[in-house]
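# Any chance you can model this:
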Amino acid sequence: QVQLVESGGGLVQAGGSLRLSCAASGRRFSSYAMGWFRQAPGKEREFVAAISWSGGRTYYADSVKGRFTISRDNAKNTVYLQMNSLKPEDTAVYYCAARRDSIGRAYTYGYDYWGQGTQLTVSS
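Numbering: from 1, shown residues only. Next up is the predicted model:
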């Protein structure tokens, strides 16, 4: 089992940058593929980015491709989401998620564990 705690959200102007962090506790963080999701008010939660257990594979939603970068540091049990060129439509609660994996893929679904979320607000 793994517990996830997101941090780094806040208020930023359009065009700005921010980095979210997700700290994981529990054993064998490197056994988990990780993902970031977001949920805007009145909308369903949507996939943002994913990374394999080794960090060797990543996958992005089209809406953030080229602007967001997911990375991980297995020595620190932490996954990051670097967000650049932010837009007002990026405003949402951002969640990190984990799923056990031994294949080495990045997933858009099937996550077992979720954090509590961190709010990002992008002003125009």
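
# Bridged to the residue positioned nearest the centre of the chain, which residues?
Centroid-nearest residue in the chain: W36, 2.5 Å away (criterion: CA atoms, centre = their mean). Beta-bridge partners for W36, by DSSP bridges, are A49, C96.

# who touches it in this structure?
By CB atoms under 8 Å, 6 or more residues apart in numbering, the contact list for W36 reads L20, C22, V48, A49, A50, I70, V79, L81, Y94, Y95, C96, A97. In this view, the C-beta of every residue, glycine as well, is placed from N, C-alpha and C.

# now with 6 Å?
V48, A49, L81, C96 (CB atoms under 6 Å, 6 or more residues apart in numbering).

# again, but for A49
Contacts here follow CB under 6 Å, 6+ apart; on that basis A49 touches W36, Y60, F68, I70.

# S85 - nearest residue in space that isn't next to it in sequence?
Ranked by CB to CB, 6 or more residues apart in numbering and with sequence neighbours excluded, the top spatial neighbour of S85 is R67, at 4.7 Å.

# sorry, back to before: most neighbours, which of the contacts of A49?
The residue in these with the most neighbours, by other CB atoms under 10 Å, is W36 (26 neighbours).

# any idea how far that residue is from K76?
Going from W36 to K76 by CB to CB, to the nearest Å gives 17 Å.

# Around L86, how many other residues sit close by?
By other CB under 10 Å, the residues close to L86 number 22.

# Am I right that it falls within a helix?
No. The secondary structure assignment for L86 gives coil rather than a helix, going by DSSP: H, G, I helix; E, B strand; the rest coil.

# check contacts around it.
L86 makes contacts with V12, G16, V122, as judged by CB under 6 Å, 6+ apart.

# again, only this time at 8 Å
By CB under 8 Å, 6+ apart, the contact set of L86 is V12, Q13, A14, G15, G16, S17, L18, R67, L120, V122.

# what do you get for D90?
Residues near D90 by CB under 8 Å, 6+ apart: R38, V64, M83, L120, V122.

# pretty sure the third one contacts A14?
Spelled out, it's M83. No. At 11.9 Å, M83 does not count as touching A14 under the criterion of CB atoms under 8 Å.
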